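Colleague: need a 3D model of the following:
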Amino acid sequence: MAGFLVYKAHGFFASPNSTEAPPNTIATDAPPATSPAPELPKLTASIETNGFAVMVKNNDDFAWQACKATINFIDYGGFELYFGDLSPSQATTLAALQFARESERFNPSATKIETLNISCTTQNGKQTAMAAYR
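Modeller: Numbering: from 1, shown residues only. Okay, here's the model as predicted:
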């Protein structure tokens, strides 16, 4: 198609000899807009705290592997604890003092547990659960 410039936006086509004005938007070399990453599937969990410990129970009918709990991830960068696997109906108690961020330990006497995130690998891939205590 030598000699023709074709705009295609909103169904508008024009050639250089056209008397119609080109549309306000034309194709660019910019990459396409990306949509946000899909949210991970949710674990079915019971998550409770007394401020100094966290109890996590697997309420799913499948096992969780390689689990990680994170205290206050959203506001403070998070204190993490890897706690292994949980079978269906199994529960575990995690002491708040075990959670750490780099070389800093979580101090439940000075900082309130506001959120707790659980992330595990399951038969369905990576799944998460979250509890908020504000």
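Colleague: quick check: phi and psi at residue 98.
Modeller: Backbone torsions of residue 98, given as degrees, to the nearest 10, read phi -80, psi -20.
Colleague: what sits closest to it if chain neighbours are left out?
Modeller: Nearest non-adjacent residue to residue 98, counting by Cβ to Cβ, 6 or more residues apart in numbering: residue 81, 5.2 Å away. For every residue, glycine as well, the C-beta is placed using N, CA and C.
Colleague: what pairs with the one you found across the strands?
Modeller: Note on residue 81: beta-bridge partners by DSSP bridges are residue 69.
Colleague: would you map the helices across this structure?
Modeller: Under the criterion DSSP state H, helices of the chain are mapped to 73-76.
Colleague: got the domain boundaries for it?
Modeller: Listed by automatic domain parsing, the domain ranges of the chain are 1-29, 45-132.
Colleague: and the lowest mean pLDDT element among the helices and strands of the protein?
Modeller: Here the helix or strand of the chain ranked lowest by mean pLDDT, DSSP states H and E is helix 73-76, holding a mean of 70.
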